[in-house]
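In: requesting a structural model of the entry that follows:
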Amino acid sequence: MKKNLIFIFLITANILIADEFLIKSKGYLDIQTGEIIKADILVRNGKIVEIGKIKKTDAIVLSLPDLILLPGLMDSHVHIVGNDSKGEESIADSSHMGTVWGVVNAERTLMAGFTTVRNVGAANYADVSVRDAIERGVISGPTMLVSGPALGITGGHCDHNLLPPEFNYSSQGVVDSPWEARKMVRKNRKYGADLIKFCATGGVMSRNTDVNAKQFTLEEMKAIVDEAHNHGMKVAAHAHGLIGIKAAIKAGVDSIEHASFIDDEAIEMAIKNNTVLSMDIFVSDYILGEGAKAGIREESLNKERLVGKKQRENFMNAHKRGATITFGTDAGIFDHGDNAKQFAYMVEWGMTPLEAIRASTIKTAELFGIENIGLIKEGFDADIIGVTENPLNNIKTLEDVSFVMKEGKVYKR
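Out: Reported below is the predicted structural model:
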């Protein structure tokens, strides 16, 4: 006798939950070999328990004859919390409103096929709250690794610098010595952060910062990394400029975010030190094409004109030299749910479609340090998506995901 489906209305999604699902499809993409394998997939209690020709009468059958399945996608650099608008509206929003936006953005991200993401920077630990609400089943969203407030120097990229001086405002993560840095790492851990993010250089979207200028001394960077690693937390360093990139690698960070002006020497340093590169090569077209209309300031547009093409050229060079590159988009600068648009750019700038998919699955899973995700494999979590075409033939098919299962629950079908 078939078990009854449980229907749950949650925010805007009807979630299908059952003890067991038997998924029948056109086949699934083995991202290790690139083959499409025709096989049924049995999911039990959120795990893939059997793959093959399965005859089972008591599982709920999900018939997807027109879809090719692949593992749930991952994004190593998102900003779930906050309003996507870059104008006065977003500046005026409270952290409470930012958290509400986080609920909306989390669901959009999941419905786009991204079942695991890393949120790098959020005030008031709002990303911790969104993560916890997802884990408790209160809202729909991807599995989230979160950093809480990003660490930065006074006046740096990670210090909110749009307000005039009479406000005397500093961001929560501002630290200006090794011991202040260690204390902030401890505080972030206390309030639930999974990882630490700090700003090693200036940035595009901040006021009065130079993307090439190093921020933090090497001693401060080493203190951040040492304290984080002492607590089993990984460290992501925002770094556009070359000097900051090299200093962050020397300090022992786990990933370099953006890596726009990385050179041959720094690439070899990253390879030697097992430092992962998370390079957001789609977002430049959005900033330069839609940014002015979205409220991005002219200073930031000018900086992006310096960064965008060079970052893509260095992405190609880093890939050719064998650096580990994950799929990181900086979603939140552009609209959440459009994350998959980056795949086509990764292919255009040197990766094969299979390499780009691996960057968003097994490579990102390794960076996250999470086992049993990133593959359709027995014993792995049932994070599975479905698309209408073989993405190895048309990578853009990943921009329109038709089926989403996360941890054995069906969120989109």
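In: just how off-centre is stretch 128-139 within its chain?
Out: Per CA atoms, centre = their mean, to the nearest Å, the displacement of stretch 128-139 from the mean C-alpha position of its chain is 17 Å.
In: need the longest helix for this protein.
Out: Ordering each helix of the chain by length in residues (DSSP state H) puts helix 298-321 first.
In: who touches that helix?
Out: Residues external to helix 298-321 that are found in contact with it (CB atoms under 8 Å, 6 or more residues apart in numbering): 203-208, 211, 240, 258-264, 267-268, 270-271, 277, 279-281, 284-285, 287-288, 291-292, 325, 345-346, 349-351, 355. Just so you know, the C-beta spots here come from the backbone N, C-alpha and C atoms, and that holds for glycine as well.
In: go again using 6 Å as the cut-off
Out: With contacts defined as CB atoms under 6 Å, 6 or more residues apart in numbering, helix 298-321 is touched by 204-205, 211, 260, 262, 267, 277, 279, 281, 284, 287-288, 291, 325, 349-351.
In: whichever helix or strand comes after that helix pairs with which strands?
Out: Using DSSP states H and E, the helix or strand that follows helix 298-321 in sequence is strand 325-326. If you go by DSSP bridges, strand 325-326 pairs up with strand 276-278 (parallel).
In: and the strand it pairs with, how far out from the chain middle?
Out: How far strand 276-278 lies from its chain's middle: 11 Å, per CA atoms, centre = their mean.
In: about what we covered before: buried ones among the contacts of helix 298-321?
Out: Buried members of these, scored by 16 or more other CB atoms under 10 Å, are 204-205, 211, 260, 262, 267, 277, 279, 281, 284, 287, 291, 325, 349-351.
In: what number of residues lie near His301?
Out: To be clear, residue 301 is Leu; His isn't right here. Leu301 has 14 neighbours, counted by other CB atoms under 10 Å.
In: and it, what's its pLDDT?
Out: Reading off the confidence values, Leu301 has pLDDT 86.
In: got the buried residues for the longest helix of the chain?
Out: In helix 298-321, counting by 16+ other CB under 10 Å, buried: 300, 303-304, 307-308, 311-312, 314-319.
In: any chance of these in TSV, with distance to Lys363 too?
Out: As requested, those are exported to TSV (distance: CB to CB, whole Å):
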residue	distance to Lys363
Ser300	29
Lys303	28
Glu304	26
Val307	23
Gly308	23
Gln311	18
Arg312	19
Asn314	18
Phe315	14
Met316	17
Asn317	18
Ala318	13
His319	12
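In: of the residues you listed, which pair is most distant in space?
Out: The largest distance within the buried residues of helix 298-321, taken as CB to CB, falls between Ser300 and His319 and amounts to 26.9 Å.
In: returning to that earlier point: pull the most distant pair out of the buried ones among the contacts of helix 298-321.
Out: Ile267 and Gly291, at 28.7 Å, using CB to CB across the buried ones among the contacts of helix 298-321.
In: show me what contacts Thr324?
Out: Residues in contact with Thr324 (CB under 6 Å, 6+ apart) are Val276.
In: do you know how far it is from Gly152?
Out: In this view, Thr324 and Gly152 are 25 Å apart by CB to CB, to the nearest Å.
In: same question, Lys190
Out: 19 Å.
In: so between those two, which is more surrounded?
Out: Taking neighbours as other CB under 10 Å, Lys190 and Gly152 compare with Gly152 leading, 31 against 10.
In: phi, psi for that one please.
Out: Backbone torsions for Gly152, taken as degrees, to the nearest 10, come to phi -160, psi 170.
In: so it versus Met221, what's the distance?
Out: From Gly152 over to Met221 (counting by CB to CB), the distance is 12 Å.
In: can you map out the strands along the stretch 101-250 of the chain?
Out: For the stretch 101-250 of the chain, the strands defined by DSSP state E, counting those that start in this stretch occupy 114-119, 143-146, 195-199, 234-239.
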